[in-house]
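*Asks:* Below: sequence and its predicted model.
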Amino acid sequence: MIGLFLAAATLGLLVWSVQMIGSALQTRMADAPEPPPARERVFTVNVTEARMSRATPVLESFGEIASRRMLELRAAGGGRVVALAPGFEDGGVVAQGDVLVRIDPADAQSAVARAQSDLADAQAEQRDAVRALDLARDELTAAQQQAELRERAYRRQIDLADRGVGTTTATETAELAASAAQQAVLARRQIVTQGEARIDQAATSAARAGLALDEAQRRLDDTVLIAPFDGTLSDPTVVEGRLVSANERLADLIDSDDLEVSFRLSTAQYARLLDAHGEIRRADVVVTLEVAGVDLTAMGRVTRTSAAAGEGQTGRLVFASLGPSPGFRPGDFVTVRVQEPPLENVIRLPASAVDAEGLVLLLGTENRLEEAQVTVVRRQGDDVLVRGDIVGRDVVEARSPLLGAGIAVKPLRRDEDAAAKPEPHMLELTEARRARLMAFVKGNQTMPQEAKARVLARLAEQMVPVKMVERIESRMGG
């Protein structure tokens, strides 16, 4: 009995213990775990110090190179081309005074010879008229003298008749003779007048013949086409032996040393370039032509603005003359940068530091962010020029949706980061890579010779700019 009692008590205790353990496990599993103490998240941001400075904004646009002196070479008269200059070809360089084209001058020479003969005849007629006038005047003088003698003889007969010595018949004869002498004088005067008119006609004929000779000589001179200035020939359309018509276009002559660039600005950009009198400023411009490895650069100055905006266009078309610009050619599409008037008391910040409402994030006490309002004055590529009460404060370079006022951050300053990781600008090439780059540059037919020589010279050096290598390889597809 005692054994059975102990066994029953043991079994009851065992069941009770199992029930207690199960209940404890269920309670444990049903209870929520206690969360660990929360920790504030700290973001790492790049900051830069806001410094007041004087900045010169730069307008960037795209334009086209053109020559300020361009001439269409046209034939003044028709005929067969008998000679061409050795450099009369596309891209041929000519100097002022060079004979470019000769047209067969046979017809023009014959016309000159005929005009010279006509002029000689007119001059001979003029000389003959002068001699005839001199003779007519001498005859008029003789007739006047004879008329005076006849008049004196008539008066003597009248005097004799009054004294009763002369006869009436003699008096009438003397009177008739005097009248005939006067009539002869009138006839000689008419001859003199005709001689003077003949001289005038001869002078007019000589002048007309001289004009015809000048015209024929001009036509003869027009058979030779001479370069009016130094330049380069473009798009020639004539060959030796071809028949050309009057005013036919033969080629274009372009002055490659007198270039200008035309570019379009928005109305707001154009307004910033105006002075107090409403005239456009003679601002400096930098023109850049991107080629493989090296950018061709030329300096210039704004000269004028187009008189009209242009049909279907907006803004203003501005022209700038260029200084020495080797490698540039008319028709090149270039990048133009124009310097605006300087701005005082502005702060240069990354464009990503300012949002659409003009707010920036500042580093405050305990490295917590604060918001401040600024005024955007200009946007310059990846930077902006602003004004505001943030001078001397650290500004977050790039805003993000995770950042806002009161957020704790870990600042990284640009100067310290740049000192820790300096950016490489030069690169040492292997011989195989150098040879591959130089072969690509030599085989590039679109690159100007001056630029090609500069690129090859840089590639031959031991240290080569990284940007040059990257640009060439991007065009190679490597």
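*Replies:* Structure's in. What do you need?
*Asks:* any idea how far residue 326 is from residue 133?
*Replies:* Applying CB to CB, to the nearest Å, the value for residue 326 to residue 133 is 71 Å. From N, CA and C alone the C-beta is placed, and that goes for glycine too.
*Asks:* Which one's more surrounded, the two?
*Replies:* More crowded of residue 326 and residue 133, by other CB atoms under 10 Å: residue 133, with 19 against 12.
*Asks:* so which strand or helix has the more buried one?
*Replies:* helix 106-162 (DSSP states H and E).
*Asks:* Output the contacting helices and strands for the very next helix or strand once past that helix.
*Replies:* Sequence order places helix 168-221 as the next helix or strand after helix 106-162, per DSSP H and E. Helix 168-221 sits against helix 106-162, with contacts defined as 3 or more CB pairs under 8 Å, 6 or more residues apart in numbering; DSSP states H and E.
*Asks:* Can you name every helix or strand that the helix it packs on contacts?
*Replies:* Counting by 3+ CB pairs under 8 Å, 6+ apart, the packing neighbours recorded for helix 106-162 are helix 168-221.
*Asks:* Now the next helix or strand after the helix it packs on: buried residues?
*Replies:* Counting by DSSP H and E, the element after helix 168-221 in chain order, helix or strand, is strand 224-226. Within strand 224-226, the residues that count as buried by 16 or more other CB atoms under 10 Å are residue 225.
*Asks:* do stretch 143-151 as well
*Replies:* 143, 144, 146, 147, 150, 151.
*Asks:* Please point out which parts of stretch 170-177 sit buried.
*Replies:* Of all the residues in stretch 170-177, those buried under the rule 16+ other CB under 10 Å are 170, 171, 174, 175, 177.
*Asks:* Could you list everything the spatially most central residue of the chain pairs with in the sheet?
*Replies:* What sits nearest the mean C-alpha location of the chain, by CA atoms, centre = their mean, is residue 260, with 2.6 Å. Beta-bridge pairing for residue 260 (DSSP bridges): residue 66, residue 321.
*Asks:* Is it in contact with residue 66, as I believe?
*Replies:* Yes. Contact criterion CB atoms under 8 Å: residue 260 and residue 66 qualify, at 5.9 Å.
*Asks:* Does anything pack onto the helix or strand residue 467 falls within? Which helices or strands?
*Replies:* Using DSSP H and E, residue 467 falls within helix 466-476. With contacts taken as 3+ CB pairs under 8 Å, 6+ apart, helix 466-476 sits against strand 426-428, helix 431-442, helix 449-459.
*Asks:* Can you check what angle separates the second one from helix 466-476?
*Replies:* In this case it means helix 431-442. With axes from the mean of the first three to the mean of the last three CA atoms, to 10 degrees defining the directions, helix 431-442 sits at 70 degrees from helix 466-476.
*Asks:* For this protein, give me the ranges with low pLDDT.
*Replies:* Under the criterion pLDDT under 70, the flagged ranges of the chain are 31-38, 166, 291-294, 414-425, 446, 477-478.
*Asks:* domain parsing for it?
*Replies:* Structural domains assigned to the chain are 69-104+223-254, 107-221, 259-339, 343-420, 426-476, following automatic domain parsing.
*Asks:* Make JSON lines from those and add distance to residue 62 to it.
*Replies:* As requested, these are exported to JSON lines (distance: least, CB to CB, whole Å):
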{"stretch": "domain 69-104+223-254", "distance to residue 62": "22"}
{"stretch": "domain 107-221", "distance to residue 62": "45"}
{"stretch": "domain 259-339", "distance to residue 62": "6"}
{"stretch": "domain 343-420", "distance to residue 62": "14"}
{"stretch": "domain 426-476", "distance to residue 62": "19"}
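*Asks:* mind checking which of those is nearest residue 3?
*Replies:* Of all these, domain 343-420 sits nearest to residue 3, with 73.8 Å by CB to CB.
*Asks:* tell me how far that closest one is from the chain's mean position?
*Replies:* Relative to the chain's own centre, domain 343-420 is displaced by 41 Å; criterion: CA atoms, centre = their mean, to the nearest Å.
*Asks:* What is the burial count for residue 247?
*Replies:* As a burial measure, residue 247 scores 11 neighbours (other CB under 10 Å).
*Asks:* Hmm, I typed the wrong one, I wanted residue 363.
*Replies:* Using other CB under 10 Å, residue 363 has 19 neighbouring residues.
*Asks:* rewinding a little: and which of the buried residues of stretch 170-177 is nearest residue 78?
*Replies:* Looking at those and their distance to residue 78, the nearest is residue 177, at 70.9 Å (CB to CB).
*Asks:* quick one: contacts for the closest one?
*Replies:* By CB atoms under 8 Å, 6 or more residues apart in numbering, residue 177 lies in contact with 150, 153, 154.
*Asks:* One more: residue 349?
*Replies:* Counting by CB under 8 Å, 6+ apart, residue 349 touches 48, 50, 360, 383, 384, 386, 395, 397.
*Asks:* Now, of those residues, which are buried?
*Replies:* With neighbours counted by 16+ other CB under 10 Å, those contain buried members at 48, 50, 360, 384, 386, 395, 397.
*Asks:* mind checking how far residue 308 is from residue 317?
*Replies:* 9 Å.
*Asks:* Neighbour count: those two, which is higher?
*Replies:* Legend: neighbour count by other CB under 10 Å for residue 308 and residue 317, higher for residue 317 (18 against 9).
*Asks:* Okay, buried residues for stretch 227-241 please.
*Replies:* Buried residues in stretch 227-241 (16+ other CB under 10 Å): 227, 230, 231, 232, 233, 234, 236, 238.
*Asks:* Span of it from start to end?
*Replies:* Using CA to CA, to the nearest Å, the span of stretch 227-241 from its first residue to its last is 20 Å.
*Asks:* ditto for stretch 52-69
*Replies:* End-to-end for stretch 52-69, by CA to CA: 46 Å.
*Asks:* quick one: it to chain centroid distance?
*Replies:* What separates the centre of stretch 52-69 from the centre of its chain is 13 Å, taken as CA atoms, centre = their mean.
*Asks:* Then stretch 224-242?
*Replies:* Once both centres are worked out by CA atoms, centre = their mean, stretch 224-242 turns out to sit 23 Å from its chain's centre.
*Asks:* Contacts made by that stretch with the rest, please.
*Replies:* The contact list for stretch 224-242 (CB under 8 Å, 6+ apart) reads 69, 71, 73, 75, 80-84, 87-103, 105, 244, 249-257.
*Asks:* Just the buried residues out of those residues, in PyMOL syntax.
*Replies:* Restricted to buried positions by 16+ other CB under 10 Å, the PyMOL selection for the contacts of stretch 224-242 reads:
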select buried, resi 73+75+81+84+88+92+94+98+100+101+102+103+105+244+250+251+252+253+254+255+256+257
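*Asks:* from the contacts of stretch 224-242, which ones fall inside strands?
*Replies:* With DSSP state E as the criterion, strands contain 71, 73, 80-84, 93-94, 99-103, 244, 249-254 from among the contacts of stretch 224-242.
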